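> Any chance you can model this:
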Amino acid sequence: MTHDVFGHGQYVKHALMENEGSECLTDAVTSFKYVNPTWEKVRVIIVEKGFGDISLL
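You can find the predicted model right below:
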């Protein structure tokens, strides 16, 4: 959930991944882009603090 420019909460995306490998992450990001046509305006991506390979993003 995030706030849009009007201050309203908007659902963005939750992704449950089998592992933190590049294939799973690629699938999650591709899915996010598909359902969010304005994905290029995204400024922040929040991940779990235990996410192992942040360089994949």
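> the bottom helix or strand of this protein by mean pLDDT?
Ranked by mean pLDDT, DSSP states H and E, the weakest helix or strand in the chain is strand 2-3, scoring a mean of 70.
> what's the following helix or strand after it?
strand 9-10 (DSSP states H and E).
> name the helices or strands packed onto that following strand?
Where contact means 3 or more Cβ pairs under 8 Å, 6 or more residues apart in numbering; DSSP states H and E, strand 9-10 is packed against strand 2-3. Bear in mind the C-beta positions are built from the backbone N, C-alpha and C, glycine included.
> For Gly21, give me its contacts.
Going by Cβ atoms under 8 Å, 6 or more residues apart in numbering, Gly21 touches no other residue.
> how about it, phi and psi?
phi -70, psi 160 (degrees, to the nearest 10).
> Next: the one 10 residues further on.
In this entry, Ser31 is assigned phi and psi values of phi -60, psi -40 (degrees, to the nearest 10).
> That one and His14 touch, don't they?
No: in this structure, Ser31 is not within contact of His14 by Cβ atoms under 8 Å, at 10.6 Å.
> higher neighbour count, these two?
Ser31 (12 against 8; other Cβ atoms under 10 Å).
> what residues are up against the more buried one?
Ser31 touches Lys13, Ala15, counting by Cβ under 8 Å, 6+ apart.
> in this structure, which segments are predicted with low confidence?
The chain contains residues with pLDDT under 70 at 1-2, 53-57.
> In it, what residue spans correspond to helices?
Per DSSP state H, the chain has helices spanning 22-35. These are given in chain order.
> Next, give phi and psi for Gly50.
Taking degrees, to the nearest 10, you get phi -90, psi 10 for the backbone angles of Gly50.
> do you know how far it is from Asp27?
Distance, Gly50 to Asp27, by Cβ to Cβ, to the nearest Å: 20 Å.
> which one of the two has more residues nearby?
Taking other Cβ under 10 Å, Gly50 and Asp27 do not tie; Asp27 has more neighbours (14 against 6).
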